[in-house]
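Asks: Fold the following for me, if possible:
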Amino acid sequence: MRRRLIVLVAAAISLVWWLPANPAQAVPTIVPATRPASVVGYLAVGDSIPAGVGVGESHAYPAILDHLSRRLELVEDLAVSGATVTDVTAQLAAVPEAGRASIRRISLTVGANDIGWGAALALCVNAPAECADTVVDPSTGATLGQAIGVAVAGLSASLPALLARAHQWYPNATIYVSSYYRLFGSKAKDCVLADGAVVSAGNQAWLNSTADRLNATIRRSVASVNASGPARVARYVNAAQLFRGHGFCDKGARWVFGPIEVALGVDAAAIAHPNYRGQAAYALAFLRARIA
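Replies: Residues are numbered from 1 along each chain as shown. Presented below is the predicted three-dimensional model:
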């Protein structure tokens, strides 16, 4: 088993370094593995990351895992851009009860939309001051930072409930729940995303700390559902660790789409989403968590 994991991780590392960051470049064909009779059913659910926004579903991490592993058989990728915990509950419910017993692995990425991550990023671009202090509800005077705090508290209750429901519906499956990633590097200077699009050093730090807070909530949710019963239901997948050094204005090659790629024809909705290398990094994170 240890040797098998080493082989899979090595393959994923190769993908991380050789898959193109620019969608205009040719994408190498990944030859599917020959699967033995002991394959396990794999279901992918979640938001825009497993849905493959910017790269397409065929190059999202569920498809990469399906191609890399001889053991996993991707039954379906039900992930949809913009999905929240409520939407993922519906995704899980969409599989007929008769087919649920064969699902042995579930990958899940959710939480960013529940806390309004995309809106927060938009408010922090070209913000004249600290974007966390931006009033987002004039009727109450609530700021962006306060709204994020309330949303994170809500996620800390809804995500463990989702995992418990998933275990109830899929009793034979282990649920692998991924983190998100920091969007910016640690350099204490303004980050120019494109002409006329700047994020100050202070706002970068706040966005990064918000990502850390989101990931901590996801990790605690996994621990909570595991502590509620005699067996481990879920595993936390630390994708954030692999993304270090690969955000905007970071020290390494960027693993997320930016305005440059949009100018080359990528959907504008892909900004800040994993590019081809980023999706390969997610696949590697799941392999390290022993999904296969």
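
Asks: all contacts plus neighbour counts: C-alpha atoms, from now on.
Replies: Noted.

Asks: mind listing the strands for this structure?
Replies: 40-46, 72-77, 103-109, 135-137, 142-143, 174-178, 191-194, 197-199, 234-237 (DSSP state E).

Asks: Adding mean neighbour count, write those strands out as CSV.
Replies: Conversion of the strands of the chain to CSV gives the following (neighbours: other C-alpha atoms under 10 Å):
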stretch, mean neighbour count
strand 40-46, 25
strand 72-77, 19
strand 103-109, 23
strand 135-137, 14
strand 142-143, 16
strand 174-178, 23
strand 191-194, 15
strand 197-199, 18
strand 234-237, 24
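
Asks: wait, which of the ones you listed is closest to A211?
Replies: Between A211 and the strands of the chain, the shortest gap by C-alpha to C-alpha is with strand 174-178, which sits at 12.6 Å.

Asks: ok, that closest one: who's next to it in the sheet?
Replies: Here strand 174-178 is paired, per DSSP bridges, with strand 103-109 (parallel), strand 234-237 (parallel).

Asks: With mean pLDDT added, can I get the ones you listed in CSV?
Replies: Compiled in CSV, the strands paired with strand 174-178 are given as follows (pLDDT from 0 to 100):
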stretch, mean pLDDT
strand 103-109, 98
strand 234-237, 98
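
Asks: Which one of those lies nearest to N172?
Replies: strand 103-109 (5.5 Å).

Asks: Identify the residues contacting that closest one?
Replies: 40-47, 49-50, 62, 170, 172-180, 291 (C-alpha atoms under 8 Å, 6 or more residues apart in numbering).

Asks: Just give the nearest non-adjacent residue to V256, would you?
Replies: Of all residues beyond its chain neighbours, the one nearest V256 is P274 (4.2 Å), with distances taken as C-alpha to C-alpha, 6 or more residues apart in numbering.

Asks: Show the contacting residues for that neighbour.
Replies: Neighbour list for P274: I49, G54, W255, V256, F257 [criterion: C-alpha under 8 Å, 6+ apart].

Asks: rewinding a little: can you lay out the strands of the chain as JSON lines showing distance to L155?
Replies: Listed next are the strands of the chain as JSON lines, based on distance: least, C-alpha to C-alpha, whole Å:
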{"stretch": "strand 40-46", "distance to L155": "14"}
{"stretch": "strand 72-77", "distance to L155": "23"}
{"stretch": "strand 103-109", "distance to L155": "13"}
{"stretch": "strand 135-137", "distance to L155": "19"}
{"stretch": "strand 142-143", "distance to L155": "18"}
{"stretch": "strand 174-178", "distance to L155": "14"}
{"stretch": "strand 191-194", "distance to L155": "30"}
{"stretch": "strand 197-199", "distance to L155": "27"}
{"stretch": "strand 234-237", "distance to L155": "16"}
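
Asks: what's the closest of those to V88?
Replies: Between V88 and the strands of the chain, the shortest separation by C-alpha to C-alpha is 5.7 Å, and it involves strand 40-46.

Asks: Name the surrounding residues that touch the closest one.
Replies: Residues outside strand 40-46 that contact it (C-alpha under 8 Å, 6+ apart): 50, 62, 71-80, 83-84, 88, 91-92, 102-110.

Asks: before we move on, what about stretch 228-244?
Replies: Contact with stretch 228-244 is made by 163, 167, 173-182, 185, 218-219, 222-223, 225-226, 255, 278, 281-282, 285-286, 288-289, as judged by C-alpha under 8 Å, 6+ apart.
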